[in-house]
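[1] what follows is a predicted structure for the sequence shown.
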Amino acid sequence: MNKQSEPTIHDIARELKISASTVSRALNDNPRISLKTKEKIKAVADSLGYRPNTLASNLRNKKSNTIGIVVPLINRHFFSSVISGAEDVAFKAGYNVVISQSNDLAAKEIKIVQSMFSNRVDGLIISIAMQTSTFEHLKIFKKKNIPLVFFDRVIPEIETDKIVVDDFAGGFRVTQHLIDQGYKRIAHLAGLQDLTIYSNRKNGYIEALRKNGIHYDESLVIISSLTSEEGVTAVKQLMKLPNPPDAIFCGNDTTALSAMIYLRDMGIRIPQDFGIVGFSNEPFSKVVSPSISTIAQPGFQMGQKAAELIIREIETKERNPQTIVLPTELIIRESSSRKGSQ
């Protein structure tokens, strides 16, 4: 064997003076091959540095045993929790996962998804990027009958399995909590309204105001991509209003933190003068001072469910699209507990 070339089953067979078919069966754990023979073959395979040609095998079997997962931002606790839950189920079922992030960029998401399609993933689990507005790169999965599961940020126009949380109820609960704490002018820093998660959170906010007889003031709602910098820009804009707010419901914890730091630096007391609630329960929200009230989402459970759905579709070929709605939890901390701090 040429030392520069990859060892093959024929090299193993030559070494042991047996047939290549016996080697192949042994490496595939065929019950017709004795345990003693399997161990001999494996030992030689290891010594030669043999690597199975998984790609060739996948092409023959028309199955890669690989699931693609695309998230907007891996460094967000919610998305990393979803990945962890999906990988947990996939690994136990004998699947590998390929993970990538779009950085909330539509162009990058399109390239990633096209690459996963070309590399023949058996199915795709995805939460779309903030910028994504066209969906042909995802519709091809439906056209080719490749399982597709959306989570969190979903596309209503593509009929497939979807897993979301009750964002409307989350938005309502946050706003009601702030009202119960005695805040009178509650602003909302919302995400882009093309995404249903953010429009649902905003609608929950509006409904809570309505139920409590509070006028909905459009000047108190600022829509953005919810970056840290945009959180500061938004709160500056709000505080310049003739009648500024005394509380903010932020669309995520990142903007809640940046808004809180800005207000605190301005000498505004949190929560005595101003209440803040975020969304997603990022780990930092518990350890900053004051700690940030927020909405917790069951990310790990969402990932597990997404993997279960896609594996079922891969293995049964059944397509019965469903939308699963998981509950959220309001976690009350220092940033909004005005009555407890007085």
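    Done, it's in.
[2] what's the closest non-adjacent residue to Ser96?
    You called it Ser, but residue 96 is Asn. When the adjacent residues along the chain are set aside, Asn96 lies closest to Thr66, with 4.9 Å between them (C-beta to C-beta, 6 or more residues apart in numbering). Where C-beta positions appear, they are placed from N, C-alpha and C, glycine not excepted.
[3] just the element for Asp33, please.
    Quick fix: residue 33 reads Ile, not Asp. Using DSSP states H and E, Ile33 falls within no helix or strand.
[4] oh sorry, the question was meant for Leu263
    With DSSP H and E as the test, Leu263 turns up in helix 253-265.
[5] buried sites along that helix?
    Taking 16 or more other C-beta atoms under 10 Å as the basis for neighbour counts, the residues of helix 253-265 that come out buried are Asp253, Thr254, Thr255, Ala256, Leu257, Ser258, Ala259, Met260, Ile261, Tyr262, Leu263.
[6] centre of the chain versus it, how much separation?
    For helix 253-265, the distance between its averaged C-alpha position and the chain's averaged C-alpha position is 24 Å (C-alpha atoms, centre = their mean, to the nearest Å).
[7] how close does the nearest residue to Pro72 once chain neighbours are set aside sit to Lys240?
    If the residues on either side of it in the chain are set aside, Pro72 comes closest to Asp104, at 4.7 Å by C-beta to C-beta, 6+ apart. Here the criterion is C-beta to C-beta, to the nearest Å. By it, Asp104 lies 28 Å from Lys240.
[8] who's more crowded, these two?
    The residue with the greater number of neighbours, taking Asp104 and Lys240 and applying other C-beta atoms under 10 Å, is Asp104; the counts read 20 against 8.
[9] quick one: that one from Gly191, how far?
    Using C-beta to C-beta, we find Asp104 at a distance of 11 Å from Gly191.
[10] any residues in contact with both of the two?
    Contact criterion C-beta atoms under 8 Å, 6 or more residues apart in numbering; residues shared by Asp104 and Gly191: Met130, Ser225.
[11] so where's the stretch 51-200 of the chain uncertain?
    Judged by pLDDT under 70, the stretch 51-200 of the chain has its weakly predicted residues at 53-62.
[12] rewinding a little: show me what contacts the residue nearest to Asn96?
    Taking C-beta under 8 Å, 6+ apart, we find Thr66 in contact with Tyr95, Asn96, Val97, Val98, Asn119, Arg120, Val121, Asp122.
[13] distance from the chain centre to the helix or strand harbouring the third one, please.
    Val97 belongs to strand 96-101 when elements are defined using DSSP H and E. In terms of C-alpha atoms, centre = their mean, the centre of strand 96-101 is found 11 Å from the chain centre.
[14] note down every partner strand of it and its orientation.
    The partner list of strand 96-101 in its sheet, established with DSSP bridges, is strand 66-71 (parallel).
[15] show me where the protein has its strands.
    In order along the chain, the chain carries the following strands (DSSP state E): 66-71, 96-101, 123-126, 148-151, 161-165, 186-190, 221-223, 247-250, 275-277, 294-296, 323-326, 329-331.
[16] please identify the most buried of those strands.
    Ranked by mean neighbour count, these are led by strand 247-250 with a mean of 30 (mean count of other C-beta atoms under 10 Å).
[17] can you list contacts of that strand?
    Strand 247-250 is touched from outside by 171, 174-175, 178, 181, 183, 185-189, 205, 226, 231, 235, 238, 256, 259, 274-279, 336, with contacts defined as C-beta under 8 Å, 6+ apart.
[18] coming back round to it: nearest to Asp217, of the contacts of Thr66?
    Distance to Asp217 across these (C-beta to C-beta) is lowest for Val97, with 45.2 Å.
[19] any idea what the closest one is bridged to?
    For Val97, the residues forming beta bridges with it (DSSP bridges) are Ile67.
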